[in-house]
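S.K.: let me see the structure of the following:
(one chain, ligands or ions: 1)
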Amino acid sequence: MKRIVVLISGSGSNLEAIIEACLSQRINGEVVHVISNVPDVFGLTRAANHKIPSSVINHNDFIDRESFDRELYNQVSHLNPDLVALAGFMRILTANFTNPLKGKLINIHPSLLPKYPGLNTHQQAIDNQDSHHGISIHYVTEELDGGPIIAQGAMELDLQSSLEEVIDQIHRIEHNLYPRVIAELLDMKVGLKDNTVQFSHDSEFKDAQPLQYN
Ligand code: GAR
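M.R.: The predicted structure follows:
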């Protein structure tokens with residue numbers, strides 16, 4: 001069974017979607033461990049509900065980013081993962097962590113990258129009256145939200161919608177797409193070579209177009 005480690009900082013609804021996809025065998029793997037950099041978040045309760053071991057590595061206990069990342073890498077590497085999935089993990093990672101995990105480390109980000117790296121993506125899309133908004137799943141490099149994109153999901157943005165409604169729509173896309181991408185990664189239909197994403201002929205993401213969700 002392929003081993004997935006999930007890193008979170010909050011509610012963990014994407015973690016839940018990944019766990020459910022493993023349990024229903026849509027993903028050929030299992031979440032073996034969850035790590036949060038924030039204590040007492042709901043994502044840790046979700047892990048416990050599924051009897052998945054978890055740990056907290058509180059970034060406030062470290063003097064700088066590098067030492068936090070070293071400890072994070074130390075713990076992650078001992079778990080011997082096939083894939084490390086960031087799911088609402090809200091820390092910028094340095095090369096100490098991203099380099100040794102190159103090709104095995106992915107992130108989900110709530111915007112159509114390269115638009116809106118960083119925070120407050122939904123509000124920026126609304127404020128700019130964008131016609132479309134969406135999500136991106138990408139390999140992680142030390143550049144914030146800047147690694148090679150694997151798949152995107154897009155929706156028309158209804159400017160009458162409230163921020164909460166937009167976040168809700170985006171979450172639904174995330175919960176649908178992240179498990180599908182993880183399944184393909186573990187089945188070797190997607191990989192990284194020379195910093196470029198490679199797709200097998202039967203990958204559903206090979207067209208590199210955002211999947212449309214409305
Ligand atoms: C998700 O929308 C995810 O895309 C976003 O945080 C949310 C976490 O929700 N991640 C980022 O903004 C990373 N830059 P969840 O904890 O319910 O999965």
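
S.K.: which residues of this structure lie near the ligand?
M.R.: Remark: the part of the chain in contact with the ligand comprises 8, 10-14, 43, 87-88, 90, 108-110, 174, using C-beta under 6 Å from any ligand atom. C-betas here are computed from N, CA, C, even on glycine.

S.K.: closest to Gln198 among the residues you listed?
M.R.: Taking C-beta to C-beta as the measure, Gln198 lies nearest Ile108 of the residues of the chain next to the ligand, at 20.0 Å.

S.K.: sorry, back to before: could you work out the most separated pair of the residues of the chain next to the ligand?
M.R.: Distances among the residues of the chain next to the ligand were taken as C-beta to C-beta; the most separated pair is Gly43 and His109, at 17.1 Å.

S.K.: the residue in the chain positioned nearest to the ligand: what's it in contact with?
M.R.: Checking the chain residue by residue against the ligand with C-beta to the nearest ligand atom singles out Gly88 as nearest, at 2.6 Å. Neighbouring residues of Gly88 by C-beta atoms under 8 Å, 6 or more residues apart in numbering: 8-15, 43, 108.

S.K.: assumed His33 was part of a strand.
M.R.: Yes: counting by DSSP: H, G, I helix; E, B strand; the rest coil, one finds His33 located in a strand.

S.K.: picking up where we left off before, please list only the buried members of the contacts of Gly88.
M.R.: Among the contacts of Gly88, the ones that count as buried by 16 or more other C-beta atoms under 10 Å are 8-15, 43, 108.

S.K.: can you list phi and psi of His50 for me?
M.R.: As for His50, its main-chain torsions (degrees, to the nearest 10) stand at phi -100, psi 10.

S.K.: next one: Leu7
M.R.: Note on Leu7: its backbone torsions stand at phi -110, psi 130 [degrees, to the nearest 10].

S.K.: element containing Val6, please.
M.R.: strand 2-8 (DSSP states H and E).

S.K.: how about Ile170?
M.R.: Using DSSP H and E, Ile170 maps to helix 163-186.

S.K.: spatially nearest residue to the residue of the chain closest to the ligand (excluding sequence neighbours)?
M.R.: Residue nearest to Gly88 in three dimensions, not counting chain neighbours: Gly10, with 5.0 Å by C-beta to C-beta, 6 or more residues apart in numbering.

S.K.: thought the one you found was touching Phe42?
M.R.: Yes: Gly10 is in contact with Phe42 according to C-beta atoms under 8 Å; the separation is 7.1 Å.

S.K.: what about Ser77, which SS state?
M.R.: Secondary structure for Ser77, judged by three-state DSSP, is helix.

S.K.: tell me which residues touch it, please.
M.R.: Pro100.

S.K.: how about the strands in this structure?
M.R.: Using DSSP state E, the strands of the chain run over 2-8, 29-36, 54-56, 83-86, 105-109, 132-139, 149-156, 190-193, 196-199, 211-212.

S.K.: now find how far off-centre the shortest one is within its chain.
M.R.: It refers to strand 211-212. Computed by C-alpha atoms, centre = their mean, to the nearest Å, the chain-centroid distance of strand 211-212 equals 18 Å.

S.K.: thanks again, I'm all set now.
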